[in-house]
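**Student:** quick one, fold the following:
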Amino acid sequence: MNGGDERYTSTESEEKALLASLRPTLDDALARERGPMAWWRSRPTPARAAVVALMALGLPIGLTALAGSAFTPAQSVAERAVLIGLSGFAVLLAVVLAMRPLYRPPLSRAVAVATLAATLLSPIAVGILAYASHGAGPIGPAACLGMGLVLSLPGVALVSASARSPQLGATAFAAGAAAGFGGYLAIGLHCPHLEALHVLVTHTPIVLALGLLSVVRGFSTRSNNAAGGGLPRRG
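**Tutor:** As a prediction, this is how the structure comes out:
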C-alpha cells in the first residue's frame, strides 16, 4: 500500500511540475488572444483571405503611386492586363493554400506542390511574354529586386498577422509568395525595363526570396517552440 501511495505521490508531483512549466506558455497564448489582432484572426477565413489578397496587391501599388508614377508608359494596356491578371491568379492560389482552415483536412502533397507550381509559373509566364514582346535585352538595374522586397513588407506583416496556426513547408512558402507578389506586381507596373532577362532576374526573385524566407522563418519558429515547450497556435 505504501508503495502505491509513493507512486501516486510521485506521479502527482510530476503532473504539478509539468503544469507549472506550461503556465508561462499558456499565459502568453491567452494574452495573444486578446486585442485587435486576436479579433482579426477570429474573422471568417474567406473574409481574412480576401482582405489579405487585396491588400497584398493594393498596398505596394499605392506606395509606388505616392512615390511617383505607378504605371510605366513603356507598357501597353494588354501587357499591363496580363501582368495584373496572372499576378492576381497567383496570389489567389497562394492565399488559398496559406490560409486553408484548420478544420479542413490538409491538402495532399501532390495538390500542394501542383498549387505552388502553378503559382510560380505566373511570373515565369510573364517573363516569356516579355521575351516575345521586348526580346531578351540586358539584365538592367538590380534595384528593382530590393525595392520589390521592401514594397512587399506590408503584405508579409498582414499575412503573418492573419495566420491562426504556424505556417510550415508549402504553407509557409505560399504565405511568403502571396506577400511577394504585391512587390512583384508593383515593380512590374512601375519599371520601364520590360526585357525578359530583367524581368526574370530582378522581378521574379522577389516572389521566390520571400517564399523561401517564410519557410526558414516557419522552421525557426517551430524549433524555438519545441525548445521552449511552446504550444502551437490553433484556430
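**Student:** which SS class is the residue most central in space within the chain?
**Tutor:** What sits nearest the mean C-alpha location of the chain, by Cα atoms, centre = their mean, is Ala175, with 2.0 Å. Classification of Ala175 by DSSP: H, G, I helix; E, B strand; the rest coil places it in helix.
**Student:** how far away is it from Ala65?
**Tutor:** 25 Å (Cβ to Cβ, to the nearest Å). Every C-beta, even on glycine, is put in place using the N, C-alpha and C of the backbone.
**Student:** hang on, the earlier thing: got the contact list for the residue nearest to the centre of the chain?
**Tutor:** Ala175 makes contact with Ala94, Ala98, Met99, Val159, Ser160, Ala163, Gln167, Ser214 under the criterion Cβ atoms under 8 Å, 6 or more residues apart in numbering.
**Student:** give me the nearest residue to it, chain neighbours excluded.
**Tutor:** If the residues on either side of it in the chain are set aside, Ala175 comes closest to Ala98, at 3.9 Å by Cβ to Cβ, 6 or more residues apart in numbering.
**Student:** right, and the one you found touches Ala179 too?
**Tutor:** No - at 9.4 Å, Ala98 does not count as touching Ala179 under the criterion of Cβ atoms under 8 Å.
**Student:** who has more neighbours, these two?
**Tutor:** Ala179 (35 against 24; other Cβ atoms under 10 Å).
**Student:** that one: which element?
**Tutor:** Per DSSP states H and E: Ala179 is located in helix 169-190.
**Student:** gap between that helix and the chain center?
**Tutor:** 7 Å (Cα atoms, centre = their mean, to the nearest Å).
**Student:** next, the buried residues of that helix.
**Tutor:** Neighbour-count burial for helix 169-190 flags 170-190 (criterion: 16 or more other Cβ atoms under 10 Å).
**Student:** let me see the mean pLDDT of it.
**Tutor:** In this model, helix 169-190 has a mean pLDDT of 89.
**Student:** let's have the chain start at 887 instead
**Tutor:** From this message on, residue numbering opens at 887, which makes the last subject helix 1055-1076.
**Student:** next secondary structure after it?
**Tutor:** Next along the chain after helix 1055-1076, taking DSSP H and E as the criterion, comes helix 1082-1084.
**Student:** what helices or strands is that next one leaning on?
**Tutor:** If you count contacts as 3 or more Cβ pairs under 8 Å, 6 or more residues apart in numbering; DSSP states H and E, helix 1082-1084 packs onto helix 995-1020.
**Student:** same question for the helix it packs on, mean pLDDT?
**Tutor:** The average pLDDT for helix 995-1020 rounds to 91.
**Student:** picking up where we left off before, tell me, what's touching Ala984 and Ala1065 both at once?
**Tutor:** With Cβ under 8 Å, 6+ apart, Ala984 and Ala1065 have common neighbours Val1045.
**Student:** contacts only, for the closest residue to Arg934 other than its chain neighbours.
**Tutor:** In space, Arg934 comes closest to Ser1048 once its chain neighbours are excluded; the distance is 4.9 Å by Cβ to Cβ, 6+ apart. Counting by Cβ under 8 Å, 6+ apart, Ser1048 touches Trp926, Arg927, Arg934, Val937, Val938, Met985.
**Student:** correct me if wrong: the first one contacts Arg934.
**Tutor:** In other words, Trp926. Yes - using Cβ under 8 Å, Trp926 makes contact with Arg934 at a distance of 7.2 Å.
**Student:** who has more neighbours, the two?
**Tutor:** The residue with more neighbours, out of Trp926 and Arg934, is Arg934; 21 against 14, by other Cβ under 10 Å.
**Student:** understood, closing this out.
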